[in-house]
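Visitor: Predicted model, plus sequence, below.
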There are 2 protein chains.
Amino acid sequence: MRQAAPTTTFMDTGHDHAHCLDEALDRAAALCADRGVRLTALRRRVLELVWGGHKPLGAYDILETLKAERRGAAPPTVYRALDFLRTHGLVHRIESQNSFVGCPDPNKPHGGQFLICRTCGLAAELNDSGVDQAIRKSAAKAGFSVGRPIIEIQGLCPHCRKKG
Amino acid sequence: MRQAAPTTTFMDTGHDHAHCLDEALDRAAALCADRGVRLTALRRRVLELVWGGHKPLGAYDILETLKAERRGAAPPTVYRALDFLRTHGLVHRIESQNSFVGCPDPNKPHGGQFLICRTCGLAAELNDSGVDQAIRKSAAKAGFSVGRPIIEIQGLCPHCRKKG
DNA sequence: GCTATAATGTTATAGTATAACACTTAAAAG
DNA sequence: CTTTTAAGTGTTATACTATAACATTATAGC
């Protein structure tokens, strides 16, 4: 085990984000090494951009930055990197926003549970077993076999509630 | 009150769908009358198409049908009708599929909880208070104020499990 | 080094959604 | 009943999101 439990709640605005980022990149490198897959410079860079903050980024936002750095970056450049990162659980897609955010806990396979602030745009990943169990129970009642649960809760984060 | 509690689980393949559809249109007419808003021919027709089955439809699928019926139907034609229907809770958007499905219970305001079969594409709307409570509890722990919860559970419906 | 495979570059296009303005129809006011 | 006003729809153009298909380059294993 390389890391202690990663962040799952809203960060202070002034938290040490460089630390989050470094840890995320270290986890990714370790995970890819374990699985014998390649965290190439491009994939690493895209992951870095996604972890640039706790606010989900659009694919074309990422592309804008890449274009300034690499000759000929195009949509497939970023979508392919994102596909790789998602396959390995390093990044989640926020379905309700067409955006992407780093996963703080890529080793544990899970669907995403997100709290998303409608004011500041920050997203926090939950992974609440109570929610998961309630869903499984409810699905079971309908005779439904649960594959990938998508949970995206729009609302107000603690900071924006106070300022509100 | 015009109607008894509407469907919330997976329908038999051979259920009386004409009945579902009629009830949905009646509910919509009553709701619009109550609220003093207009269920125009276009809006009614789009709702009818969305309720053509229990499988969510894409906006451009709806558009294809409309084009055959109305001169000059274009994307705004269908998106505007869908916006109206969504505003009044008559239709939900399935975020993970860019598709739209009729709501069986438009009077009770609620975010959508959906079970979506990855094989046959059918969607069933839940509205499980256990799930809702688990989410509220978990969000409260993070100091987050819940607005609109989006829950889309991909998996296998009872019929597709059996056919396997 | 050679070969097979994986990754990326490159061009084109598909699929989803909205902006902006013109026109028509229906409701409200007189 | 007509005028006025607002709501709804038509129409054109365009923005945003994502993938297909094929060429080229880089990497890993032999």
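Guide: Right, received. Where do you want to start? Residues are numbered from 1 along each chain as shown, chains lettered A, B, ... in the order given.

Visitor: Quick one: name the residues of chain A near DNA strand D.
Guide: Within chain A, the residues that sit near DNA strand D (Cβ under 7 Å from any atom of the strand) are A:38, A:58-60, A:74-76, A:79, A:83, A:93, A:98. The C-beta positions use only the backbone N, C-alpha and C, and glycine is treated the same way.

Visitor: show me where chain A has strands.
Guide: A:91-94, A:99-102, A:113-117, A:123-126, A:145-156 (DSSP state E).

Visitor: and the third one, what does it pack onto?
Guide: With contacts taken as 3 or more Cβ pairs under 8 Å, 6 or more residues apart in numbering or on different chains; DSSP states H and E, strand A:113-117 sits against strand A:91-94, strand A:123-126, strand A:145-156.

Visitor: need those in CSV with distance to B:Ala24 and mean neighbour count, can you?
Guide: Compiled in CSV, the helices and strands packed on strand A:113-117 are given as follows (distance: least, Cβ to Cβ, whole Å; neighbours: other Cβ atoms under 10 Å in any protein chain shown):
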stretch, distance to B:Ala24, mean neighbour count
strand A:91-94, 30, 22
strand A:123-126, 34, 22
strand A:145-156, 25, 20
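
Visitor: buried stuff in stretch A:65-80?
Guide: Using 16 or more other Cβ atoms under 10 Å in any protein chain shown as the test for burial, stretch A:65-80 gives A:65-66, A:73, A:77-78.

Visitor: Also stretch A:127-139?
Guide: So for stretch A:127-139, counting by 16+ other Cβ under 10 Å, buried means A:127-128, A:130-132, A:134-136, A:138-139.

Visitor: Lowest-confidence one in those residues?
Guide: Among the buried residues of stretch A:127-139, A:Asn127 has the lowest pLDDT, at 90.

Visitor: Quickly note the distance from that one to B:Lys137.
Guide: According to Cβ to Cβ, to the nearest Å, A:Asn127 stands 14 Å off from B:Lys137.

Visitor: same thing with A:Arg45?
Guide: For A:Arg45 relative to B:Lys137 (Cβ to Cβ), the value is 39 Å.

Visitor: ok, back up a step: with distance to chain B as extra columns, can I get the buried residues of stretch A:127-139 in JSON lines?
Guide: What follows is the buried residues of stretch A:127-139, written out as JSON lines (distance: Cβ to the nearest Cβ, whole Å):
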{"residue": "A:Asn127", "distance to chain B": "9"}
{"residue": "A:Asp128", "distance to chain B": "4"}
{"residue": "A:Gly130", "distance to chain B": "4"}
{"residue": "A:Val131", "distance to chain B": "4"}
{"residue": "A:Asp132", "distance to chain B": "8"}
{"residue": "A:Ala134", "distance to chain B": "4"}
{"residue": "A:Ile135", "distance to chain B": "6"}
{"residue": "A:Arg136", "distance to chain B": "9"}
{"residue": "A:Ser138", "distance to chain B": "4"}
{"residue": "A:Ala139", "distance to chain B": "6"}
